[in-house]
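Q: Pasting the sequence and the predicted coordinates here, then a few questions.
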Amino acid sequence: MTFTKSPTTLTLSGSLYPCSVEFKQQQLAGISADGDVLIRDRSGADEVFVKIVLPAKHNNYDSIRDFITDTVKMRKETFTFTPDSGVDVGAGDGVGIYVKYWSDNFTERMRAWGSFVYEIILRKTGNLT
């Protein structure tokens, strides 16, 4: 898989697992006095979030941290996320999407000596076309 913010490309190997894609509709729901459920679309735009658990060896964690904190400046910059073949993040098998880093912090967890894991939430901003 890759994270790309021109001219920087970060290629990550290993399992992208678990990976979940959440579709969130922008609607308001209410129940009227007679029990009817009323649904109102707020903006018509849906949000898509991709949550990945990313394992990384000690020699890769600097590049992951630098990409998130320095290259895309946490939530500020949009970048391209391209999953490996066999992973669909809402645009098709192995097809990349434009995203923003969406977690409100960046946490490095060492799960074993020299082995780190990152839980990363990305918010889809568009399809590659």
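A: Cool, got the structure. Residues are numbered from 1 along each chain as shown.
Q: Now do the strands in the protein.
A: 2-5, 8-11, 19-24, 27-31, 37-41, 47-57, 79-82, 97-101, 109-112, 115-127 (DSSP state E).
Q: Need the outlier residue of the chain, farthest from its centre.
A: residue 34 (41.0 Å; Cα atoms, centre = their mean).
Q: Which positions in stretch 71-88 come out as buried?
A: Burial within stretch 71-88, assessed by neighbour count using 16 or more other Cβ atoms under 10 Å, is assigned to 71-72, 79-83, 87. The way it works is simple: take the backbone N, C-alpha and C, and place the C-beta from them, glycine included.
Q: Closest to residue 99 out of those?
A: Among those, residue 81 lies closest to residue 99 (Cβ to Cβ), at 4.7 Å.
Q: now the nearest residue to the closest one once chain neighbours are set aside, which residues is it bridged with?
A: Distances taken as Cβ to Cβ, 6 or more residues apart in numbering put residue 99 closest to residue 81, at 4.7 Å, once the chain neighbours are dropped. Residue 99 forms beta bridges with residue 79, residue 124, as assigned by DSSP bridges.
Q: Correct me if wrong: residue 99 contacts residue 50.
A: Yes. Under the criterion of Cβ atoms under 8 Å, residue 99 is in contact with residue 50, at a separation of 6.9 Å.
Q: which residues are in contact with both of the two?
A: Residues within reach of residue 99 and of residue 50 at once, by Cβ atoms under 8 Å, 6 or more residues apart in numbering, are 81, 122, 124.
Q: quick one: the closest residue to the second one other than its chain neighbours and residue 66, what's the gap?
A: Read it as residue 122. In space, and not counting its chain neighbours, residue 122 is closest to residue 99: 4.0 Å by Cβ to Cβ, 6+ apart. Distance, residue 99 to residue 66, by Cβ to Cβ, to the nearest Å: 17 Å.
Q: Can you get me a residue count around the residue nearest to residue 81?
A: Residues contacting residue 99 under the criterion other Cβ atoms under 10 Å number 23.
Q: list the contacts for residue 79?
A: So residue 79 contacts 3-5, 71-72, 98-101 (Cβ under 8 Å, 6+ apart).
Q: which of these sit farthest apart?
A: Applying Cβ to Cβ across the contacts of residue 79, the maximum distance is between 71 and 98, 14.8 Å.
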